[in-house]
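Q: Here's my sequence, what's the structure:
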Amino acid sequence: MSETPHRYTAELADRIEVAWQDRWEQEGTFHAPNPAGPWAEPEKVGDREKLLVLDMFPYPSGAGLHIGHPLGYIATDVFARYHRMTGKNVLHCLGYDAFGLPAEQYAVQTGQHPRKTTEENMVVMKRQLRRLGLAHDDRRAIATIDPGYYKWTQWIFTQIWDAWYDVDAVREDGGRGKARPIRELVAQFENGERPTSDGRDWSALSAAERAEVLDGFRLAYSSQAPVNWAPGLGTVLSNEEVTNDGRSERGNFPVFKTNLRQWMMRITAYADRLADDLDRVDWPEKVKLMQRNWIGRSQGARVRFPVVGHEATIEVFTTRPDTLFGATFMVLAPEHPLLESIVAQGDWPEGVNPAWTGGEATPAAAVAAYQRAASRKSEVERQTEGKDKTGVFTGAWATNPVNGERIPVFVADYVLMGYGTGAIMAVPAQDTRDWEYAEKFGLPIVRTVQPSEGHDESTAFTGDGPAVNSANDEISLNGMGVTEAKAAIVDWLVAKGYGEATVNYKLRDWLFSRQRYWGEPFPILFDEDGVAHAVPESMLPVELPDVPDYSPKTFDPDDDSSSPEAPLSRATEWVEVELDLGDGAGVRKYRRETNTMPNWAGSCWYYLRYLDPANDEAFVDPENERYWMGKHASPVEGAPDGVTDPGGVDLYIGGVEHAVLHLLYARFWHKVLFDLGHVSSEEPFRKYFSQGYIQAFAYRDGRGQPVPANEVEEVEGSDAQDPQFTWQGQPVTREYGKIGKSLKNVVSPDEMYDAYGADTLRVYEMSMGPLELSKPWETRAVVGAQRFLQRLWRNVVDEETGEVRVVDQPLDPDTLRTMHRTIDAVSKDYPSLGFNTAIARLIELNNALTKLDAVPREAAETIVKMVAPIAPHIAEELWKRLGHEETITYEPFPVADPALLVEDTVTCVVQIKGKVRDRLEVPADISEDALREQVLALPKVVAATEGGIRTVIVRAPKLVNVVPV
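A: Model prediction:
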């Protein structure tokens, strides 16, 4: 028999942890009361301060969790548990972002319904998360695949579809521009307040014509859009799913740019607000910068260049209109619509530079061939700096409006249709890419900005300087600085009708269609005239039908003439319906939209459903939204003067890989809902924190491919400074990398639960270093966290008898001071997410207690309460054994006594002529005169000042500097 049968081991931890998890579930320990709705408990809400803490929505992977996933979940749990103990009403919950490609691909391969595999994966994740001891309100767990959830995703889509952005509408904050119901726009057309584009009365337009007009305003609209089409996969891909060499990330198939009818979100209408309101949220500056760069707002001018021999003009956006006199050629994106009309017909003109022709016999053939080649490249590849410049002459010429020069028009793939106007005026002397292009194709280079002294004349000058070579008979910019020259040329362009000042954005409207099965169906019906109608709320949700085959139709991978066929199109009985939509038109034939929404849809608003998931009447009760998401009286930390709090989630933690798209898309949806009066908060996430990654050793074989890390063996006898490794007898190399399936270095939390227990895993992950930094995983180091908990256990429980060994006697003064200093430090560390330093202080206190002959009850109960947020199971068990029947969850967190935080003595540094020569312990409240007297009496000081003292600088109680004569 063991001499210590009651020792805190992994086996005992397992029993304790599972028992407490069962009790928490049975008692609803973490159920947070709402002010209204099905879970309303107004008496528990009262005047308590609320706190909404959330993690980014996880996807239920078939592989389950690895030990990198819990990092953020534990952090939010510690933060939430601490604040519960300060008396706040805390809501912390988690759901599942369960639509997506992996489950659908598995369904394609196995024939199993993706719902089945997704729900099986969710069971695994729920078990792993429960075993971690997370204090979630389990009533509020949601999954995007539940019809009761995506009913409201569809409803929100109809609200966005049924709205337009009125740039002149005055908001409550005094700003201009907000979403308004589309019926208000229709009323403007009907009463003549807003004319139609062709001047006809609204009543004279057909239903299809009216729909087309409104689609030009709707925030969700259907249009022909350039997309990434992968015939070999049978689906459209987002830019993020296309590799740099223009192939699909999955399957390595060719990807082509093609125009298809797609659903779009007019996120560009909110570009300014999305950029400006970043000042109102408490986010890492690097994340704000990422969003600002993605939005890409820039001031400049639109300039129109007439096309010689055509009525058309080429419009460009430029941030440097002051360099117009140096524009010596133009470049259009391969997708530019003007190419259909301005490309020269017939043969090349005599004397054309052969480098301009692409080796083709005619301009039309050259442009067509170039467009085909460009369609195979990703936008990333097209923009890569240093790549060889390519392009062909269109045979068309434009006129530079400032000097009347005739300049050639090229097509080249380094110009993107998605930015600006899809056309540029090329000023090679002031732009590196244009310089390289001009040199390759033998085009003129004219400097319009005087280079600084020492500039290499064989390169473009991209800095600021006085304008040169920039004058015509009506205006001269010569000698002006950039700012002055910009203003002058824009005024001239406006007066001449050639352009105007404007703001441009990199942000493009959001492609919102997927030719997939496993996604939310669009709540849209098309009538026999092709006019779109929203499905009424009473008919929601539009549920996914069963289909015989989940695979999209695939084509020859190189067949760029093919087009998508979505799996839903095969469910003909679901697609073709006869319905009465309640709009007075009676029963009519309709065709459902067969594309599905992207997986972003459900994750754009899930945080709102957490607030009220049992509500069948609305996506969230307004009172519950105001309570949990409402605006604070004071602005967020770090906001500029005069900036008001936008409301939102109080703490949102997730990986930086989602810092642009997910956060941007959610902000867009939320702002539309705010404008339409459905929510009171203007931002979804008041405070966002980006946690680092956990990294682990990964191994690669001779081909550079990752091999399973758990199958790698260290070569016996290899040098400890340079260890060697093999996998299946073959040598492999070792590196550090983010834990995950791609590097095959996954460590399952189940292994840690079995070997150490969940509390040990929690303590170890939170002690590894600052939460925002990435850090290496070392399984052998986990034992340190276990030893801390074992010592804590021993300080309360006798390992031989199992009896509580604390004593009812007062603490000695030193231990009392140490305890209150720990309380003070930990009370600052927990709310600031400084969990690693909090644990360090708790370990110091615990070690001090182990040195006592017996631990006083006051100290034992205090440290157990401070440990509870980090290691809740052992804390609950010790709290119970200390004689308390109620959970520790809502026990008040200890409060430090300020009188015990004052240090009795401090170390004073003694300098002579600025160099440290001695130290002495002095009372913390010593006066300057008393400290000066003590220091001047020190032997080293006396010896150094025999010739007299020039001055003594005293900074009581920590520094004295003596300067001899």
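Q: For stretch 649-658, buried residues please.
A: Residues of stretch 649-658 classed as buried: 649-656, 658 (neighbour count, 16 or more other Cβ atoms under 10 Å). (Glycine included, C-beta is placed from N, CA and C.)
Q: next one: stretch 80-95
A: Buried-residue list, stretch 80-95, by 16+ other Cβ under 10 Å: 80-85, 88-95.
Q: Just say helix, strand or coil for Leu91.
A: strand (DSSP: H, G, I helix; E, B strand; the rest coil).
Q: Just give me the neighbour total for the residue nearest to it when sequence neighbours are not counted.
A: What sits nearest to Leu91 in space, not counting adjacent residues and going by Cβ to Cβ, 6 or more residues apart in numbering, is Ala32, at 4.2 Å. If you count neighbours by other Cβ atoms under 10 Å, Ala32 ends up with 27.
Q: what's the answer for Val108, then?
A: If we define neighbours as other Cβ under 10 Å, then Val108 has 17 of them.
Q: out of the buried residues of stretch 649-658, which are inside helices?
A: Assignment to helices by DSSP state H places none of those there.
Q: what distance separates the start and the end of stretch 352-359?
A: 12 Å (Cα to Cα, to the nearest Å).
Q: now do stretch 261-277
A: End residues of stretch 261-277 are separated by 32 Å (Cα to Cα).
Q: what comes up buried for that stretch?
A: 262-275, 277.
Q: What is the most widely separated pair among the buried residues of stretch 80-95?
A: Within these, two members stand farthest from each other by Cβ to Cβ: Met85 and Gly95, at 25.2 Å.
Q: Which ones among the buried residues of stretch 261-277 lie within helices?
A: 271-275.
Q: Name the nearest of those residues relative to Gln691.
A: Closest to Gln691, out of all of these and judged by Cβ to Cβ, is Leu274, at 23.7 Å.
Q: any chance of the buried residues of stretch 649-658 in TSV, plus pLDDT and distance to Gly454?
A: Converted to TSV, these look like this (pLDDT from 0 to 100; distance: Cβ to Cβ, whole Å):
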residue	pLDDT	distance to Gly454
Val649	98	53
Asp650	97	54
Leu651	97	51
Tyr652	97	49
Ile653	97	49
Gly654	94	48
Gly655	88	45
Val656	86	40
His658	83	45
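Q: Could you single out the nearest of these to Arg320?
A: Val656 (32.6 Å).
Q: what about Gly148, distance to Asp612?
A: Counting by Cβ to Cβ, to the nearest Å, the gap from Gly148 to Asp612 is 12 Å.
Q: Look at these two and report which has more neighbours.
A: Asp612 (23 against 13).
Q: who touches that one in this structure?
A: Shown in contact with Asp612 (Cβ atoms under 8 Å, 6 or more residues apart in numbering): 34, 37, 618-621, 624-625.
Q: And Pro254, by the same measure?
A: 230-232, 246-248, 376, 557-558, 560 are the contacts of Pro254 under Cβ under 8 Å, 6+ apart.
Q: again, 7 Å this time
A: Pro254 makes contacts with 232, 247, 376, 557-558, as judged by Cβ atoms under 7 Å, 6 or more residues apart in numbering.
Q: Mind giving me the ChimeraX command for buried ones among those?
A: Applying 16+ other Cβ under 10 Å to these, the buried members can be selected in ChimeraX as follows:
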select :232,247,376,557
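Q: got TSV for the contacts of Pro254, with pLDDT, secondary structure and distance to Gly602 too?
A: Below are the contacts of Pro254 laid out as TSV (pLDDT from 0 to 100; DSSP: H, G, I helix; E, B strand; the rest coil; distance: Cβ to Cβ, whole Å):
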residue	pLDDT	secondary structure	distance to Gly602
Gly232	90	coil	28
Arg247	85	strand	28
Arg376	76	coil	33
Pro557	92	coil	31
Asp558	90	coil	35
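Q: what secondary structure does Gln224 sit in?
A: Per three-state DSSP, Gln224 ends up strand.
Q: what sits against the closest residue to it other than its chain neighbours?
A: Leaving aside its chain neighbours, Gln224 sits nearest to Asn259 (4.9 Å; criterion: Cβ to Cβ, 6+ apart). Neighbour list for Asn259: 224-226 [criterion: Cβ under 7 Å, 6+ apart].
Q: now Tyr590
A: Neighbours of Tyr590 in contact, by Cβ under 7 Å, 6+ apart: 525-527, 577, 579.
Q: Wait, Gly133 touches Glu17, no?
A: Yes. Using Cβ atoms under 7 Å, Gly133 is in contact with Glu17, at 6.2 Å.
Q: between these two, what contacts are shared?
A: 758, 873.
Q: Now for the chain, the helix or strand with the poorest mean pLDDT.
A: helix 379-383 (a mean of 69; mean pLDDT, DSSP states H and E).
Q: just checking, next helix/strand downstream of that one?
A: Remark: after helix 379-383, the chain's next helix or strand is strand 392-399, criterion DSSP states H and E.
Q: what residue is smack in the middle of the chain?
A: Centroid check for the chain by Cα atoms, centre = their mean gives Ala659 as the closest residue, at 1.7 Å.
Q: Disregarding flanking residues, what is the spatial nearest neighbour of it?
A: Val287 (4.4 Å).
Q: thinking that neighbour is in contact with Ser690, fair?
A: Yes. At 6.2 Å, Val287 and Ser690 qualify as touching, with contact defined as Cβ under 7 Å.
Q: what do these two both touch?
A: Common neighbours of Val287 and Ser690 (Cβ under 7 Å, 6+ apart) are 656, 659.
Q: Show me what counts as buried in stretch 498-515.
A: Buried-residue list, stretch 498-515, by 16+ other Cβ under 10 Å: 498-499, 504-505, 507-515.
Q: Save those as JSON lines, and put in distance to Arg570, secondary structure and pLDDT too.
A: As requested, the buried residues of stretch 498-515 are arranged in JSON lines below (distance: Cβ to Cβ, whole Å; DSSP: H, G, I helix; E, B strand; the rest coil; pLDDT from 0 to 100):
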{"residue": "Tyr498", "distance to Arg570": "53", "secondary structure": "coil", "pLDDT": "96"}
{"residue": "Gly499", "distance to Arg570": "51", "secondary structure": "strand", "pLDDT": "95"}
{"residue": "Asn504", "distance to Arg570": "43", "secondary structure": "strand", "pLDDT": "87"}
{"residue": "Tyr505", "distance to Arg570": "39", "secondary structure": "coil", "pLDDT": "89"}
{"residue": "Leu507", "distance to Arg570": "36", "secondary structure": "coil", "pLDDT": "89"}
{"residue": "Arg508", "distance to Arg570": "32", "secondary structure": "coil", "pLDDT": "86"}
{"residue": "Asp509", "distance to Arg570": "29", "secondary structure": "coil", "pLDDT": "90"}
{"residue": "Trp510", "distance to Arg570": "27", "secondary structure": "strand", "pLDDT": "90"}
{"residue": "Leu511", "distance to Arg570": "23", "secondary structure": "strand", "pLDDT": "87"}
{"residue": "Phe512", "distance to Arg570": "22", "secondary structure": "coil", "pLDDT": "92"}
{"residue": "Ser513", "distance to Arg570": "17", "secondary structure": "coil", "pLDDT": "89"}
{"residue": "Arg514", "distance to Arg570": "16", "secondary structure": "strand", "pLDDT": "87"}
{"residue": "Gln515", "distance to Arg570": "12", "secondary structure": "coil", "pLDDT": "85"}
